[in-house]
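> Next come a sequence and a model predicted from it.
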Amino acid sequence: MESNRLSLGAVLLRCALLEASPRETQSTLARKLSVSQQVVSKWLRGTCLPTVAVMVVLEDEYGIPIRTWLEPFQACASQLRERAVSATSRACLEVA
């Protein structure tokens, strides 16, 4: 299941780039983190997540907590877990 919600981490990274010096761009951030500009763009659009190592750097450099990247995915996992429990319960009732 793909999350179509932007993580709070992505929103905070956007804000951090806006608040940083005018020279701080996706390109400069990408160079700092040794990733491509396209990867940074994907983070900002919410289509992929940074690695945990990069999340740690973003937390240290920009104050973006690691958990803010993961919240939409935790909600998605909770929904999947609830559906699985519900389906298992229905299957058990049908057998009984």
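Perfect, I can see it now.
> Show me where the chain has its helices.
8-19, 26-33, 37-45, 52-62, 67-95 (DSSP state H).
> Count the neighbours of residue 59 for me.
Neighbour count for residue 59, taken as other CB atoms under 10 Å: 16. (Glycine included, C-beta is placed from N, CA and C.)
> Use 38 as the first number for this chain going forward.
Sure thing, new numbering starts at 38, so read that last one as residue 96.
> what's it in contact with, if anything?
Listed by CB atoms under 8 Å, 6 or more residues apart in numbering, the contact partners of residue 96 are 102, 103.
> what separates it from residue 78, distance-wise?
Relative to residue 78, residue 96 is positioned 20 Å away (CB to CB, to the nearest Å).
> next one: residue 86
Distance from residue 86 to residue 78, by CB to CB: 13 Å.
> Those two: which has the busier surroundings?
residue 86 (17 against 13).
> Now the spatially most central residue of the chain: closest residue in space, sequence neighbours ignored.
For the chain, residue 106 is the residue whose C-alpha lies nearest the centre (CA atoms, centre = their mean; 3.4 Å). Distance criterion CB to CB, 6 or more residues apart in numbering; nearest residue to residue 106, sequence neighbours excluded, is residue 46 at 3.4 Å.
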